[in-house]
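Asks: pasting the sequence and the predicted model now:
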Amino acid sequence: KNKKDRAKRKYDPFSEDFEEQLERDITERIHTKLSKKLGGRDNAVMTRLSDEDLGKLDALVELEVFRSRSEAVAFFVREGMKVREDLFASVMPTVDRIRELKEQAKRSLEQEPQVPDGPDENDRNE
């Protein structure tokens, strides 16, 4: 639901489901903010985690902080990368240069004349 719908929503603190309504609304807001922050998750990555780390992720999913393990892992990867932005800023120019050199080497190899597989049959008879 959009912000206007939430803004119009009135909670009756004396209703039997007040806490449930409030919890749903808070959870929805958290999911909306996280989804915006995580946007563009089109790539899948397989990883192995310790039982301890998986237990922590599962607890956050169970508490509905995240909708899935995948969402939780994506969040923590992004946060970890933000913390080490300085590392990426210093390394990426070198990575880009290495990629350029690899492409240059591939192009050079493609331009080299083809070496025959073995001796020609005419060479064997001589």
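Replies: Perfect, I can see it now.

Asks: how much space separates the residue nearest the centre of the chain from V95?
Replies: Per CA atoms, centre = their mean, the C-alpha nearest to the average position across the chain is that of A74, at 4.8 Å. As judged by CB to CB, to the nearest Å, A74 and V95 stand 22 Å apart. C-beta here means a position set from N, CA and C on the backbone, and glycine is covered the same way.

Asks: and for E28?
Replies: 40 Å.

Asks: equivalent analysis for E62, please.
Replies: To V95, E62 is 38 Å away according to CB to CB.

Asks: K82 now?
Replies: Distance, K82 to V95, using CB to CB: 18 Å.

Asks: please apply the same query to G55.
Replies: Counting by CB to CB, the gap from G55 to V95 is 34 Å.

Asks: ok so, going back, tell me which element the residue nearest to the centre of the chain is part of?
Replies: Element membership of A74 [criterion: DSSP states H and E] is helix 69-83.

Asks: buried stuff in that helix?
Replies: 71-75 (16 or more other CB atoms under 10 Å).

Asks: tell me how far the next helix or strand after it lies from the chain's centre.
Replies: Note on helix 69-83: by DSSP H and E, the next helix or strand toward the C-terminus is helix 85-111. Taking CA atoms, centre = their mean, to the nearest Å, the mean C-alpha location of helix 85-111 is offset from the chain mean by 22 Å.
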